Each structure stands twice: as structure tokens, then as C-alpha cells.
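> Give the three-dimensional model of this entry:
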Amino acid sequence: MKKVIFVLLVGSATLSSCENVRLKEQAATIANRDYTFCGYCGGWFVWVDSTMYRATVPASFEKENNKVWIRFEPDERPGYKDARWIKIKSIRAR
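Next comes the predicted model:
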């Protein structure tokens, strides 16, 4: 009986700690190139709703005013979070 209770406790703790977070796909617009750092290494401005982010965009989507669907998460690296950099996890045309 003690083994069963132990297995149930460990199993429930493991399942509750495993968060299956699915990023929501959102409509976005890749607006224009970000020339902040240098001519072509600054990434792109990406608008999601009314918020502007910065991101590195795959080459096939590097067009101004490109309407896309994206899944993204904040870039937590030092210096990037404050500048609203995001990591694009998936992207497709709208």
C-alpha cells in the first residue's frame, strides 16, 4: 500500500510539473528591417496586434509589410529582453 501511495505521489508531482505549453499562433506583420545595430544585421521589426517587437526572420519571409502567422516567445538573453526581441518558433504566410 505504501508503494502505491508513493507511486501516485511521484506520478502526480511529475505530471503537474510538466507544463505542456502550446504557443498561440498570432497574426503579425513583418514591417521593415531594423538598422539599429548595423546595415543588415539588426533583424526586423515585427508587429503583433499593436506591439512592435524585434526578431530575426527566416530569409524566405524577409519582405517589408509581409503578413504572416507566427508563434513566438520573448528572447530572455541579457540586452534582448529590454529591447523587445522575440524568438520566432514557427512562421507561415497569411
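> from what I can see V68 touches E25, true?
No. In this structure, V68 is not within contact of E25 by C-beta atoms under 8 Å, at 10.0 Å. C-beta: built from backbone N, CA, C; applies to glycine.
> Give me the nearest residue to the residue most central in space within the chain, chain neighbours excluded.
With distances taken as C-alpha atoms, centre = their mean, F72 lies nearest the centre of the chain, 1.8 Å away. Of all residues not flanking F72 in the chain, I86 sits nearest, at 4.4 Å (C-beta to C-beta, 6 or more residues apart in numbering).
> Tell me who's in contact with the one you found.
If a contact means C-beta atoms under 8 Å, 6 or more residues apart in numbering, then I86 has V46, Y53, R54, A55, F72, E73, P74, D75 as its contacts.
> The first one reaches E62, doesn't it?
Just to be clear, that refers to V46. No. Look at V46 against E62 with C-beta under 8 Å: they stay out of range, at 11.4 Å.
> Now the common contact residues for those two.
I30.
> so where do the helices sit in the protein?
Assigned helices in the chain, in chain order: 2-17 (criterion: DSSP state H).
> Can you find the helix or strand of it with the lowest average pLDDT?
helix 2-17 (a mean of 60; mean pLDDT, DSSP states H and E).
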